[in-house]
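Chemist: what's the 3D shape of this:
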Amino acid sequence: MQHSTQAQKTGLLQNEISAAQGLLTILNDEFEALSHTITPEEIAHFTTQKEQLISKMESATKARTSAISASDPLLSTEPLKSLWETLRKVALECQQQNQINGRIITSSKRHIEQAAAILHGKPPSSELHYGSAGETVVETARHSIAKA
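Modeler: I've put the predicted structure just below:
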């Protein structure tokens, strides 16, 4: 009976690792694309792929957590111990790569917003102002770039 339980738990961990590795691959591909000129369509494509993999990962995580608790004694025995460590490692790598990609996207967005502000005759702002809903608030005062 314990062998069957261990085999089931091994399968659950392997499914979750597979989903996490798929997500990490997409995050790495997104990073490579962000290093070059990327179109809005490409961003939408990566977003769709990430959403699908995150959904798959959430399902795998729910299945695993319903069958394996963090204090499960089988997690301290092989092969579950190494699978658990692999899952933790891949999940951490996903988190770190997602943060890096997020910083790149935020930086690019800030540069675009500053360029747009200049084109609209507003001084580029190095400060961000936020409204009550968390959205970026743009000042409405206009400044001319040049006089005719």
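Chemist: where in the chain is pLDDT low?
Modeler: The model of the chain has pLDDT under 70 over residues 1-4, 124-148.
Chemist: for it, which helix is longest?
Modeler: helix 80-119 (DSSP state H).
Chemist: can you pull the buried residues of it?
Modeler: Across helix 80-119, burial judged by 16 or more other CB atoms under 10 Å covers 80, 83-84, 86-87, 90-91, 93-94, 97-98, 101, 117. Yep, even glycine has a C-beta here, placed from its N, CA and C like the rest.
Chemist: closest one to residue 20 out of those residues, please.
Modeler: residue 90 (4.3 Å; CB to CB).
Chemist: contact partners for the closest one?
Modeler: 17, 20-21, 24 (CB atoms under 8 Å, 6 or more residues apart in numbering).
Chemist: separation between it and residue 109?
Modeler: 28 Å (CB to CB, to the nearest Å).
Chemist: next: residue 82.
Modeler: Relative to residue 109, residue 82 is positioned 40 Å away (CB to CB).
Chemist: which non-adjacent residue is nearest the most centrally placed residue in the chain?
Modeler: Closest residue to the average C-alpha location of the chain: residue 98 at 3.7 Å, with CA atoms, centre = their mean. Closest residue in space to residue 98, ignoring its immediate chain neighbours: residue 27 at 5.7 Å, by CB to CB, 6 or more residues apart in numbering.
Chemist: so what's that neighbour up against?
Modeler: Contact criterion CB under 8 Å, 6+ apart gives 50, 94, 97-98, 101 as the residues in contact with residue 27.
Chemist: just the element for it, please.
Modeler: Using DSSP states H and E, the element containing residue 27 is helix 2-34.
Chemist: following that helix, which helix or strand shows up next?
Modeler: Counting by DSSP H and E, the next helix or strand C-terminal to helix 2-34 is helix 40-67.
Chemist: so what does that following helix touch, helix or strand wise?
Modeler: helix 2-34 (3 or more CB pairs under 8 Å, 6 or more residues apart in numbering; DSSP states H and E).
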